[in-house]
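1. quick check, what structure comes out for this input:
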Amino acid sequence: MSFSEIMLVLIVAVILFRGKKISELARALGRAAYEFKKAKETIENEVNGIAQKAKKEAEGNSKPVTSAEKKEETDRHAG
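-> Prediction:
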């Protein structure tokens with residue numbers, strides 16, 4: 001999009017939604033972007049943790065996981 005197209009869209013938005021509605025919309029979009037980023041980082045951290053754990057187990061550096069530990073891990077992720 002060129003600068004003139006962006007300005008046209010902004011002018012139409014101001015006319016349609018007025019100033020107050022635009023600020024509410026911008027705030028909502030900002031919150032949504034923040035929540036999306038937060039969720040993405042949480043998922044990345046979990047995946048990285050699982051990958052590191054698997055790597056350690058493959059190298060034989062970690063102790064075998066007991067069935068009680070497996071149940072605890074499953075319970076933690078379920079709720």
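2. how far away is V9 from F3?
-> Counting by Cβ to Cβ, to the nearest Å, the gap from V9 to F3 is 11 Å. All C-beta atoms are positioned from the backbone trio N, CA, C, and that covers glycine.
3. so those two - more neighbours on which side?
-> V9 (11 against 7; other Cβ atoms under 10 Å).
4. give me the pLDDT for that one.
-> Looking at V9, its pLDDT stands at 87.
5. any idea which helix or strand in the protein has the lowest mean pLDDT?
-> helix 67-78 (a mean of 68; mean pLDDT, DSSP states H and E).
6. show me how far stretch 22-37 is from its chain's centre.
-> Here the centre of stretch 22-37 is set off from its chain's centre by 14 Å, with Cα atoms, centre = their mean, to the nearest Å.
7. low pLDDT regions in the chain?
-> 61-71, 73, 77, 79 (pLDDT under 70).
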